[in-house]
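Q: The sequence isn't on hand, but the structure is:
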């Protein structure tokens, strides 16, 4: 199977999962006690409004009609109406996506940049101080709640030393890009952006740094003991090439898979990191929608989160197939 | 089920690994503290004492600023009084904003974390393992359905799904009488312990798929083993084969996954109670949320202490998990190559 056909096959599978995600989110409407209207209408709505909402949602229709209507609306990008906020859900959710993506990408970059070198060094200097240090760090990293880590960083860096901002996102990555052409001074904008993003990115990224360090270390140890590594050494390849061109490449395939599977943890972590740093993203939106019993908004956010998980995993599989072409041929 | 070889591996791995010993000490410590909380805690964790609020932990002093405003001669006069607050040996870890003893709260918080971690994992395993075994053993449509469902449920982060379900179902708390207090062995301690019921169910529901996947994988490879076929040929029913041959041989990775899940669920519980989605107020995550309001005014310990408790317990469980994994299943991870 060529890479292209593999991509098509994975995309079709992905569409199946997205359909499942939508179905589960649709079903959420019915797991709440009482009539679904209770879940959608504001708490103080009168009978008239409630009946209007019921008709609007098609709750007087048979179930399969409701479901069909829901799917039909979604395909057109209509995720319903938030009666609590009096706004359409789609633009509201869409406006929060960039903040969360920025946070998640920043955390992933922090994690990859730190963890892979650390894991490689730790594996090649096994049982030396740097290896013990890395192992200890990973143990702490996977055992520390990220929201607490965030609060501790606020306490030490922001409250004591006043270095970073502790809440909000007044300067975003888009401003930094604009400042390269616009009138704003580039360096100030960049530093401003870093003062907002740094702490949340580290708080969210630490768990993944620890996890990938662990995986890279044990993967490298596995690979370095394999016959092909001995063969490349025997033919006189420099050790650097042996490690980074051969062993690391084979180590990275399982690392990439785990990264894809852990994307859920990343988004879940983003929800709580956003809560700590008042980051105006999807996570904040999800928590607010639950506290305000705004189910259409919650459903919309869940669908966006579920769909992005599926999309990223298709991408991950493509990267995987690139790193290890055998995958596409299976 | 537990062969001599397994016990031998466990022992030899334990002897050589300092981290395994540390893990066992931490976990046994947390379990003992949680079970005997009324004896360990020096004070009632819910007793408020505003006269002794915001005391620092032993070894620290704290300057407390109190601002008072009064009307004097038609003008508002504000006075700021600074006083030094010394630590009090009666409250070794200090007190929180309402004067509750931090040590006692940490001790009782261990109960919540452990109860949710263990019961949530058990619930997830009780649902996931049978489904996974049956799907892997019989294959076919059931198996396809399970795998598709697993794909879909992976797409929702467990924290997000958990807060959504708790938001929909409400926070049900189950009061459980404390046997030590009921028996009259201790006084001045809470008579009831609040079990966050919804949280336990929900963390189980969002995590059972992991057990199903592992159990399915094991059943899939075991179903074609000679002894399984032989047992079938001798006339054993499918149910008996699954119980007698498949489950016992699949149990090792399930146990390893179980410890990982206890650690993950303790972290999940703390996140949920930090966000206010728990049924109890005696929880480490809840206390961190309370303490967060005090960090800018200098009372750092209120948020710090419960976080350290979470970290130590999760490190303990993770080390225990590493020990079990290395001893029971040397092939998985950790010791690579020559």
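A: On my side now, so go ahead. Since this is a predicted model, take the numbers as computed values, not measurements.

Q: Assess the claim that residue A:318 and residue A:9 are in contact.
A: No - checked against CB atoms under 8 Å, the pair residue A:318 and residue A:9 is beyond contact range at 11.3 Å. All C-beta spots, glycine's among them, are computed from the backbone N, C-alpha and C.

Q: Please say which of those two ends up with more neighbours.
A: Neighbour totals were compared for residue A:318 and residue A:9, and residue A:318 leads with 17 against 13 (other CB atoms under 10 Å in any protein chain shown).

Q: Help me confirm that the more buried one is found in a helix?
A: Yes - note on residue A:318: a helix contains this position according to DSSP: H, G, I helix; E, B strand; the rest coil.

Q: mind listing what it touches?
A: Listed by CB atoms under 8 Å, 6 or more residues apart in numbering or on different chains, the contact set of residue A:318 reads A:3, A:6-7, A:10.

Q: out of the residues you listed, which are buried?
A: The neighbour-count criterion (16 or more other CB atoms under 10 Å in any protein chain shown) marks A:6-7, A:10 among these as buried.

Q: Tell me which of these fall in helices.
A: Per DSSP state H, helices hold the following members of the buried ones among the contacts of residue A:318: A:6-7, A:10.

Q: Tell me the one of those residues nearest residue B:118?
A: Sorting those by how near they are to residue B:118, with CB to CB, puts residue A:10 at the top with 38.3 Å.

Q: Could you check how far that closest one is from residue A:200?
A: 32 Å (CB to CB, to the nearest Å).

Q: quick one: which helix or strand includes the residue in the stretch 1-150 of chain B that chain A sits nearest to?
A: In the stretch 1-150 of chain B, the residue that lies nearest chain A is residue B:148 (6.4 Å; CB to the nearest CB). Taking DSSP states H and E as the criterion, the element that holds residue B:148 is helix B:140-154.

Q: Do a quick rundown of the strands in the chain.
A: The chain I'm using is chain A. Listed in chain order, the strands found in chain A under DSSP state E are A:81-82, A:87-88.

Q: Not quite, go with chain B.
A: Taking DSSP E as the criterion, chain B carries its strands at B:61-72, B:75-86, B:173-177, B:192-196.

Q: Would you reformat these as TSV and include mean neighbour count and distance to residue A:48?
A: Listed next are the strands of chain B as TSV, based on neighbours: other CB atoms under 10 Å in any protein chain shown; distance: least, CB to CB, whole Å:
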stretch	mean neighbour count	distance to residue A:48
strand B:61-72	10	49
strand B:75-86	9	49
strand B:173-177	14	36
strand B:192-196	20	38
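
Q: Reformat these as CSV; add distance to residue B:135.
A: Converted to CSV, the strands of chain B look like this (distance: least, CB to CB, whole Å):
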stretch, distance to residue B:135
strand B:61-72, 58
strand B:75-86, 61
strand B:173-177, 32
strand B:192-196, 31
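
Q: Export the ones you listed as TSV, with columns for mean pLDDT and distance to residue A:17.
A: Putting the strands of chain B into TSV (pLDDT from 0 to 100; distance: least, CB to CB, whole Å) gives the following:
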stretch	mean pLDDT	distance to residue A:17
strand B:61-72	76	54
strand B:75-86	77	57
strand B:173-177	87	35
strand B:192-196	88	31
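
Q: between the ones you listed, which one is nearest to residue B:125?
A: Within the strands of chain B, the stretch nearest residue B:125 is strand B:192-196; the backing value is 18.6 Å (CB to CB).

Q: residue of the stretch 151-300 of chain A with the smallest distance to chain B?
A: Closest point on the stretch 151-300 of chain A to chain B, by CB to the nearest CB, is residue A:225, at 1.8 Å.

Q: still on that earlier bit, of all the strands of chain A, which lies closest to residue A:268?
A: Ranking these by proximity to residue A:268 (CB to CB) places strand A:81-82 first, at 22.8 Å.

Q: shaky segments in the chain?
A: If you meant another chain, say so; for now it's chain A. Applying pLDDT under 70 to chain A flags the ranges A:1, A:31-43, A:57, A:327-330.

Q: wrong one, chain B
A: Filtered on pLDDT under 70, chain B yields the residue ranges B:1-2, B:329-338.

Q: Tell me which residue lies nearest the centroid of it.
A: To find the centre residue of chain B, average its C-alpha atoms and take the closest one (CA atoms, centre = their mean): that gives residue B:266, at 2.4 Å.

Q: Now do the contacts for residue B:317.
A: Neighbour list for residue B:317: B:23, B:26-27, B:117, B:259, B:262-263, B:266 [criterion: CB under 8 Å, 6+ apart].

Q: Revised request: answer the last question for residue B:44.
A: Shown here is residue B:44, whose contacts under the criterion CB under 8 Å, 6+ apart are B:101, B:104, B:188-190.

Q: And the buried ones among those, selectable in PyMOL?
A: Selecting only the buried entries of the contacts of residue B:44 in PyMOL, with 16+ other CB under 10 Å as the criterion:
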select buried, chain B and resi 101+104+189+190
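
Q: now the contacts of residue B:44 as TSV including distance to residue A:122?
A: What follows is the contacts of residue B:44, written out as TSV (distance: CB to CB, whole Å):
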residue	distance to residue A:122
B:101	42
B:104	40
B:188	50
B:189	47
B:190	46
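
Q: now for the contacts of residue B:44, which pair is the farthest apart?
A: Using CB to CB, the two most remote members of those are B:101 and B:190, lying 12.7 Å apart.
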